[in-house]
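Chemist: Got a predicted structure plus its sequence, pasted below:
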Amino acid sequence: MHNLYLIAEADGTQFAIPASAVENVVRDMEIVPVPLAEPCVAGIAALRSRVVTVIDLMAAISDARAGNCAGKPVIVTRIDRHYYGFAVDRVRDIVEASEKPKRVAASMSEGWRKASTGFVETEIGAVIVVDPELLLDTPAKAA
Amino acid sequence: MDELLAEFIAETRETLEKISSDLVAWEAEPSNRARLDEIFRFVHTVKGSCGFLDLPRLEKLSHCTEDLLQRFRSGEREPSHDLVSAILAVVDRITQLVDRLDAGESIDDGDDDDLLKALSSGGYATPKNGICRPHQSTSAASTPAARSIRVPVALLDQLMGGVSDLVLARNELSRQLRGVAPSPALEGAFDRLSQRIAEIRDGVTWTRMQRIESLFAAVPRLVRDLSEQLGKEVSLKIDGEDVELDREMIEVLRDPLTHAVRNALDHGIESPEQRREAGKQAAGTLELSARQSGNQIEITIRDDGAGIDTARIAERAVGAGVVSSEQMERLGEQARLDLIFQPGLSTVERASEISGRGVGMDVVRANVERIGGVISIASEPGSGTTLTLSVPLTLTIIPALIVGVEEHLFALPRLAVDEIIAADKQAVSIEAVGDTETVVIRTERLPLVRARDVVECPDATSDMPKAGAGIVMILSLGRARRFALLVSHVHDHEELVVKPAAPMLMNSGVFAGTALPDNGRPLLLLDAAGIAARGKLLPLLASGPLPETGELRLFRLSDGDCVCAYAFEGQADAVRFPADYRRASRPGKAAGVGVVDGVPVELLDAHFLIAGTVQPLAGSRRARCRIAADDEGWAQALLGPLVELAGYDVVYGGETDDEPADLLLIADDTAECGEGSDDVLYLTDSRDAGPGRLYRYDREGIFDALRERLRGAGGR
């Protein structure tokens, strides 16, 4: 049983996204800002013939307004027939974890707790797992 | 084998529908030999396929039908109403069996003797039970003239996506080419490429098209069955079957069309006796026609029946609480007619078996509007009703204007735009009325919405644009609902592939989807109705009906927060009003009556007008109702709209501090059903309602209770 995770970094924090959820990682995406969207939405962008809604990942976790995401790598996922891109600071590597994410009773902040399914042990140490689908729920419920 | 079977099922369904409509047409005109031959061939094809796939029961049914048709052809038997009915019954039976095959069930050796007997009744010998193999000579004739293949729609969508990618790649190439030294050979090759891509794109678009015939094919049979059931005589005329429409649209239109035909036969066309009394031909006429105009398809359903009784609609609407009786008095004839599109209205006292299936014209309208269409109704008492559905040619590609609002670009469906005028033109003047604006164009005054305010551009400069800067676009939301939208500039006209956008973008209700124009920068598509709902339009009151066109004089009434306008006619004068006027006995639009120059004059109560009828423009909010239901689907689809109609904003789910609600509506049978109060209302599954408790399907009761509480809250 191999569990692959994509390791990314935003705001100095490393985290893992299940590789099965990731469709693509795009660099240099041209992000067009859009009005009247949820605060964490940085804009929309084209990926081939598709329109991707780009979300500032850290803003979604900390329930803040999206910052400038120009030039940041974007992790594209497909959720519920729509394409979402999560802008992060750096995309590192794909690593393997032997076990399923474990819930740890650590003092995580509210945002992380909502977006995460737990920690996994990998070759680079314990990393928090972010589930894109949970991440989308957070701002939608707060709205 | 499975594939073969699937193809057989699809083909047979199509063929059976065609047989039904052809049979009905032939029955009306038995001398039409060509049509009979065609029906015969169809049945023969079905029989052949059944034999091939080893489906003996189906084969026997189709064989006997073929046999009967053969006797019609040879003149051995005369067609009769009963015999045609018998054939139609066989068609139904075959359809049922095919449905079962499709569901993966096997066909048992059921009993079809009843039908077979009906086919051969009249002292006619039962056809041989032996199986006839199709004759070689006729199987050639059964090959359809046009060759076609079946393709799943998903494959076409994929192809369409690929073509869109191709267009974007071409655009990218075009940008790259601008950077290199010009070369005629290169440009020539590029132009050829562009042209071919455009052709392919058109071609793929057309593969999604289907003749509207396939939508109309079911109607003759429907009309025949219904008129028999209702004891009415109806002749059907169909026109424009060769108009082509996007496959998906055809599917969406199926139910609305069926409903409209049912309505026309049930409520429109009168019984033969009534028609003779009214001096009409005994047989009513139902006309169904389709025509293309530009990028729109117009489908009309016209009957020459009794027309719609607007007085009865008015009565029902007031009874159901959709409109107050004062409002009703002010409504014109057409507006009253349009009330039939309101939920919860049906003009017949008793829901009939035919059209009273709980589906009202409101659902028909919702279906049509969901695909960007417009529905309208016209009726003349005594001479008939016409229902017109205008729908876009396709859902996937729409002609759009690309407009700029500050530095943002948006697309606007071309269909919604009536006119575009530069705001600095002489003919245009923008005037402030209260804290809203109107624009006068030539002789027409329209409410003005600044796009900048609607989309709240996050980084918009706060400087007011120069007076007269920008472009005024006149948008229309169906008949007689027009408003003006001020944008910064209009860029381009483009055919756009529109796709639904993520909910995070759509929540505001201003956008209808996303699109990728040729430059590759994605856009949001503006929704005209959403803009109108968000823009601040000045509420207008009047004591009588307003003229449909022309200028209007208005008082602007304000209590400091809220503004509304009150229409008046004729000369206005400032006079002294006696302080000792007679006060009205209860609060109302008139505060009382005084005598001015010997004439009694009513004094309007401005505060009552503003408080009672007008929604506050800014600052304050509508009353909010929280719905806590165990069945969320039901709550959102059915209960929510009703609550909104009653005048509440709706939120769902449990209580939170962010959104305090004025009224809590609990429709959860697991919850403890307490006593209702002014701010809590229970909906239950049991019919015994009590104080603050209502039966959950009692729409009228719920509506009244909500209105009552809303009025109560307003008075506090």
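Modeler: Here it is on my side, so go on. All values reported here derive from a predicted model rather than from experimental measurement.
Chemist: Please make it C-alpha for all contacts and neighbour counts, starting now.
Modeler: Noted.
Chemist: Is B:Arg275 in a helix, a strand, or coil?
Modeler: Assigned with DSSP: H, G, I helix; E, B strand; the rest coil, B:Arg275 falls in the helix class.
Chemist: what does B:Pro399 give?
Modeler: With three-state DSSP as the basis, B:Pro399 sits in strand.
Chemist: B:Pro578 too?
Modeler: Strictly by three-state DSSP, B:Pro578 counts as coil.
Chemist: where's it relative to B:Phe555, distance?
Modeler: To B:Phe555, B:Pro578 is 21 Å away according to C-alpha to C-alpha, to the nearest Å.
Chemist: again, but for B:Ser31
Modeler: Noted for B:Ser31: a distance of 71 Å to B:Phe555, by C-alpha to C-alpha.
Chemist: the more surrounded of these two?
Modeler: The neighbour comparison of B:Ser31 against B:Phe555 (other C-alpha atoms under 10 Å in any protein chain shown) goes to B:Phe555, with 13 against 10.
Chemist: What score does the residue nearest to the more buried one when sequence neighbours are not counted have for pLDDT?
Modeler: Spatial nearest neighbour of B:Phe555, chain neighbours left out: B:Tyr566 (5.0 Å); criterion: C-alpha to C-alpha, 6 or more residues apart in numbering or on different chains. Looking at B:Tyr566, its pLDDT stands at 76.
Chemist: try B:Leu257
Modeler: 90.
Chemist: got the phi/psi numbers for it?
Modeler: Dihedral pair for B:Leu257: phi -70, psi -50, per degrees, to the nearest 10.
Chemist: and it, what does it touch?
Modeler: Contacts here follow C-alpha atoms under 8 Å, 6 or more residues apart in numbering or on different chains; on that basis B:Leu257 touches nothing.
Chemist: could you measure it against chain A, distance?
Modeler: Here B:Leu257 is placed at a distance of 30 Å from chain A (C-alpha to the nearest C-alpha, to the nearest Å).
Chemist: Then B:Asp225?
Modeler: As for B:Asp225, its distance to chain A is 42 Å (criterion: C-alpha to the nearest C-alpha).
Chemist: Please, which helix or strand holds that residue?
Modeler: B:Asp225 is part of helix B:219-230 when elements are defined by DSSP states H and E.
Chemist: Extract the C-alpha trace of that helix and format it as CSV.
Modeler: Coordinates of each C-alpha in helix B:219-230 appear next as CSV, following Å, rounded to 0.1, in the frame of the first residue of the first chain:
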residue,chain,number,x,y,z
VAL,B,219,-46.9,15.2,-29.8
PRO,B,220,-49.3,13.6,-32.3
ARG,B,221,-49.7,10.6,-30.2
LEU,B,222,-50.1,12.7,-27.1
VAL,B,223,-52.8,14.8,-28.7
ARG,B,224,-54.7,11.8,-30.0
ASP,B,225,-54.7,10.1,-26.6
LEU,B,226,-55.6,13.2,-24.7
SER,B,227,-58.4,14.3,-27.0
GLU,B,228,-59.9,10.8,-26.8
GLN,B,229,-59.7,10.9,-23.0
LEU,B,230,-61.2,14.4,-22.8
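Chemist: and the next element down the chain from that helix?
Modeler: Moving toward the C-terminus from helix B:219-230, the next helix or strand (DSSP H and E) is strand B:234-239.
Chemist: packing partners for that following strand?
Modeler: Counting contacts by 3 or more C-alpha pairs under 8 Å, 6 or more residues apart in numbering or on different chains; DSSP states H and E, strand B:234-239 packs against helix B:219-230, strand B:284-293.
Chemist: make it 10 Å
Modeler: The contact analysis (3 or more C-alpha pairs under 10 Å, 6 or more residues apart in numbering or on different chains; DSSP states H and E) places strand B:234-239 against helix B:213-216, helix B:219-230, strand B:284-293, strand B:296-303.
Chemist: Dump those to a markdown table, plus mean pLDDT and mean neighbour count.
Modeler: Formatted as a markdown table, the helices and strands packed on strand B:234-239 follow (pLDDT from 0 to 100; neighbours: other C-alpha atoms under 10 Å in any protein chain shown):
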| stretch | mean pLDDT | mean neighbour count |
| --- | --- | --- |
| helix B:213-216 | 88 | 20 |
| helix B:219-230 | 89 | 17 |
| strand B:284-293 | 88 | 20 |
| strand B:296-303 | 89 | 21 |
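Chemist: Quick one: the ones you listed as JSON lines, columns for distance to B:Ala422 too.
Modeler: Shown next, in JSON lines, are the helices and strands packed on strand B:234-239 (distance: least, C-alpha to C-alpha, whole Å):
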{"stretch": "helix B:213-216", "distance to B:Ala422": "43"}
{"stretch": "helix B:219-230", "distance to B:Ala422": "48"}
{"stretch": "strand B:284-293", "distance to B:Ala422": "28"}
{"stretch": "strand B:296-303", "distance to B:Ala422": "27"}
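Chemist: Other residues contacting stretch B:248-256?
Modeler: B:153, B:208-216, B:218, B:244, B:257, B:261-262, B:359-361, B:363-368, B:370-371, B:389, B:391-396 (C-alpha atoms under 10 Å, 6 or more residues apart in numbering or on different chains).
Chemist: try stretch B:166-183
Modeler: Contacts for stretch B:166-183 (C-alpha under 10 Å, 6+ apart): A:46, A:48-49, B:160-165, B:186-187, B:190-191, B:193-194, B:197-198, B:200-201, B:516-521.
Chemist: from those residues, which ones fall inside strands?
Modeler: Among these, DSSP state E puts A:Ala46 in strands.
Chemist: Buried members of the contacts of stretch B:166-183 into ChimeraX, please.
Modeler: In ChimeraX, a selection of the buried entries from the contacts of stretch B:166-183 looks like this (16 or more other C-alpha atoms under 10 Å in any protein chain shown):
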select /A:46,48,49 /B:160,161,163,164,165,190,194,197,201,516,517,518,520,521
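Chemist: Which ones among the contacts of stretch B:166-183 map onto helices?
Modeler: B:160-165, B:186-187, B:190-191, B:193-194, B:197-198, B:200-201 (DSSP state H).
Chemist: restrict those to contacts with chain A.
Modeler: B:160-165 (C-alpha under 10 Å from any C-alpha of the partner chain).
Chemist: quick check, nearest of those residues to chain A?
Modeler: Distance to chain A, by C-alpha to the nearest C-alpha, is smallest for B:Asp165 among these, at 4.9 Å.
Chemist: Enumerate every residue touching the residue nearest to that closest one when sequence neighbours are not counted.
Modeler: Leaving aside its sequence neighbours, B:Asp165 sits nearest to A:Ser49 (C-alpha to C-alpha, 6+ apart; 4.9 Å). A:Ser49 sits next to B:160-169, B:497, B:515-517, B:520, B:522 when contact means C-alpha under 10 Å, 6+ apart.
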